[in-house]
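J.: just need the structure, nothing else, for what follows:
(4 chains)
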Protein chains: 2
Amino acid sequence: MPNQDIAIPTLETDLVLPEREGGYAKGHETREAILRTALSILIEEGYPALSMRRVAKECGMKFGNLTYHFRSREDLMRELFDAVIRSYEVEFLAIAQMPGAAPEDRLRRVCLLILDDIRTKKTTHFFPEIWALSNHDPFVFERMQELYVRARAPLLSIVEEMRPDLRHEDCETVALFISASMEGTTMFAGHGKPFEPRMKQIEDIAVESFIHLVRTWKR
Amino acid sequence: MPNQDIAIPTLETDLVLPEREGGYAKGHETREAILRTALSILIEEGYPALSMRRVAKECGMKFGNLTYHFRSREDLMRELFDAVIRSYEVEFLAIAQMPGAAPEDRLRRVCLLILDDIRTKKTTHFFPEIWALSNHDPFVFERMQELYVRARAPLLSIVEEMRPDLRHEDCETVALFISASMEGTTMFAGHGKPFEPRMKQIEDIAVESFIHLVRTWKR
DNA sequence: ACAAATTTAGGTCAATTGACAGGTTTACCC
DNA sequence: GGGTAAACCTGTCAATTGACCTAAATTTGT
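T.: This next block holds a predicted model:
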């Protein structure tokens, strides 16, 4: 049963900014432009290239102005990660509510959605950066784990629906394994990686393997 | 069938330096000390903290001396990555030659070896760094993919042995999926991660799932 | 013991970094 | 349209970075 023909919703919003209290409209736009530029640098050239001056220059903005909007580099980083992570969270939220299809079908579609997203340049480049950073920055660590809790939520509820006989904790571990498995393809079949052309076949393997796992797993 | 009782060989050699042509003994030691210090900084504090002056200070060595041994920062990085990657390559080489056990048993043991290694601090911290770097540094990219080709070799030969009916390319993709799946657990069940205590259960899930996959996969 | 190779030490250099202080201009509300 | 807060700009600061250079001390092979 090939799955190439299932329509995949795509994600356009790179960033989701939090509601702002006061301030002028222009301020919001500028803030967003800054974050968007910063994300672009992070994706194109990596974390070490992401300096305040670099961001200012790339925005066509004076350095002093940037420091007005983001007092410190750390401020900017925190808000950048928050905004990007939020963008994935809204995506996962959309996945969570899927019409009452059969659980196995929902599992399949969730996995395909995630695996297709992994092939985007944004995801292929952004996540390894936060994986590395999360090893040394508690804030990134915390925020990233929060993100993945939400990313696993749809998987978890499907697993629990399919296997009411399992303990909650076991469902969690199964969902984690499935999620982690998919993340692991990033470095090999993500955007620009050697196995990118085989991603569709990997998707088949993954989905089939996951479905059997959830169906039959006995602790 | 619990697997906690299988003895796991551990890896002590953090670095494997290439054979050196001429030079004195002390020079080699100093070089090795430098690389060891650099690796330690990379693991403990991440790539941005890895500056030449920092390495020199941490070795109790003058900056000028460090620049004698490694003319440039890039020189040091290349050799560091080479040495660390080489250390994993010797590990995988050891795995490859396993006495004529049943293929499924070998698959199990290879996977357990890899998953246990993922829980070490060195692996949990080093690999995300090169995953991130490989997105922007062609040298790291190249070297990393080489490493993984070797890491998959034992898996691949087991898959081909178990499934002579499959095309070579399909065996490759299956081996890749298995390898990638395991790598993906790094950020969740690696050293210091939230699911680290559940790694043993994850290993059970992974091994069982992989064995069934190899046994039954039909393209 | 002697010469060559190697190791250490010290310093300079331009470039880049993040933080900050002081202004000026612009946008918005009344 | 005037006033105020927001947005923007200029310039400076100390600190750090990597590359480079020179000279002394030490180790090694012979």
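
J.: which element is A:Pro99 on?
T.: Assigned by DSSP states H and E, A:Pro99 belongs to neither a helix nor a strand.

J.: repeat that for A:Ile202.
T.: helix A:199-216.

J.: list the buried residues for that helix?
T.: A:199, A:201-211, A:213-214 (16 or more other C-beta atoms under 10 Å in any protein chain shown). Where you see a C-beta, it was placed from the backbone N, CA and C, and this is true even at glycine.

J.: same question, stretch A:69-79
T.: Neighbour count says stretch A:69-79 has A:His69, A:Phe70, A:Leu76, A:Met77, A:Arg78, A:Glu79 buried, by 16+ other C-beta under 10 Å.

J.: picking up where we left off before, going by distance to A:Glu58, which of the buried residues of helix A:199-216 wins?
T.: A:Met199 (31.1 Å; C-beta to C-beta).

J.: restricted to helices, list the buried residues of stretch A:69-79.
T.: Using DSSP state H, A:His69, A:Leu76, A:Met77, A:Arg78, A:Glu79 are the members of those that sit in helices.

J.: and chain B, which of those residues reach it?
T.: Counting by C-beta under 8 Å from any C-beta of the partner chain, nothing from those sits close to chain B.

J.: including distance to B:Leu107 and pLDDT, could the residues you listed go into CSV?
T.: Formatted as CSV, those follow (distance: C-beta to C-beta, whole Å; pLDDT from 0 to 100):
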residue, distance to B:Leu107, pLDDT
A:His69, 54, 94
A:Leu76, 47, 94
A:Met77, 42, 94
A:Arg78, 43, 93
A:Glu79, 46, 93
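
J.: circling back: dump the buried residues of stretch A:69-79 to a markdown table, plus distance to DNA strand C.
T.: Output for the buried residues of stretch A:69-79, formatted as a markdown table (distance: C-beta to the nearest atom of the strand, whole Å):
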| residue | distance to DNA strand C |
| --- | --- |
| A:His69 | 12 |
| A:Phe70 | 8 |
| A:Leu76 | 8 |
| A:Met77 | 9 |
| A:Arg78 | 12 |
| A:Glu79 | 13 |
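
J.: could you export the host helix or strand of A:Phe177 as PDB, CA atoms only?
T.: For A:Phe177, the host element (DSSP H and E) is helix A:168-184. Extracted in PDB, the C-alpha atoms of helix A:168-184 (Å, rounded to 0.1, in the frame of the first residue of the first chain):
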ATOM      1  CA  HIS A 168       0.600   4.300  30.600                       C
ATOM      2  CA  GLU A 169       4.300   4.300  31.100                       C
ATOM      3  CA  ASP A 170       4.800   1.600  28.500                       C
ATOM      4  CA  CYS A 171       2.800   3.500  26.000                       C
ATOM      5  CA  GLU A 172       5.000   6.500  26.700                       C
ATOM      6  CA  THR A 173       8.100   4.500  26.000                       C
ATOM      7  CA  VAL A 174       6.700   3.100  22.800                       C
ATOM      8  CA  ALA A 175       5.700   6.600  21.700                       C
ATOM      9  CA  LEU A 176       9.100   7.900  22.600                       C
ATOM     10  CA  PHE A 177      10.800   5.200  20.600                       C
ATOM     11  CA  ILE A 178       8.700   6.000  17.500                       C
ATOM     12  CA  SER A 179       9.300   9.700  17.800                       C
ATOM     13  CA  ALA A 180      13.000   9.200  18.400                       C
ATOM     14  CA  SER A 181      13.300   6.800  15.500                       C
ATOM     15  CA  MET A 182      11.900   9.400  13.100                       C
ATOM     16  CA  GLU A 183      14.100  12.200  14.500                       C
ATOM     17  CA  GLY A 184      17.100  10.100  13.900                       C
END
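
J.: and the average pLDDT for whichever helix or strand comes after that helix is what?
T.: Counting by DSSP H and E, the element after helix A:168-184 in chain order, helix or strand, is helix A:186-189. Averaging pLDDT along helix A:186-189 gives 98.

J.: any bit of helix A:186-189 sitting next to chain B?
T.: Yes: with C-beta under 8 Å from any C-beta as the criterion, chain B is reached by helix A:186-189 at A:Thr186, A:Met187, A:Phe188, A:Ala189.

J.: so how many other residues sit close to the last one?
T.: To tie it back to what came earlier, the one meant is A:Ala189. 26 (other C-beta atoms under 10 Å in any protein chain shown).

J.: do you know how far it is from B:Glu32?
T.: The span separating A:Ala189 from B:Glu32 equals 36 Å under the rule C-beta to C-beta, to the nearest Å.

J.: equivalent analysis for the second one, please.
T.: According to C-beta to C-beta, A:Met187 stands 29 Å off from B:Glu32.

J.: more neighbours: these two, which one.
T.: A:Met187 (29 against 13).

J.: pLDDT at the closest residue to A:Met144 other than its chain neighbours, what is it?
T.: Leaving aside its chain neighbours, A:Met144 sits nearest to A:Ser134 (4.8 Å; criterion: C-beta to C-beta, 6 or more residues apart in numbering or on different chains). pLDDT for A:Ser134: 96.
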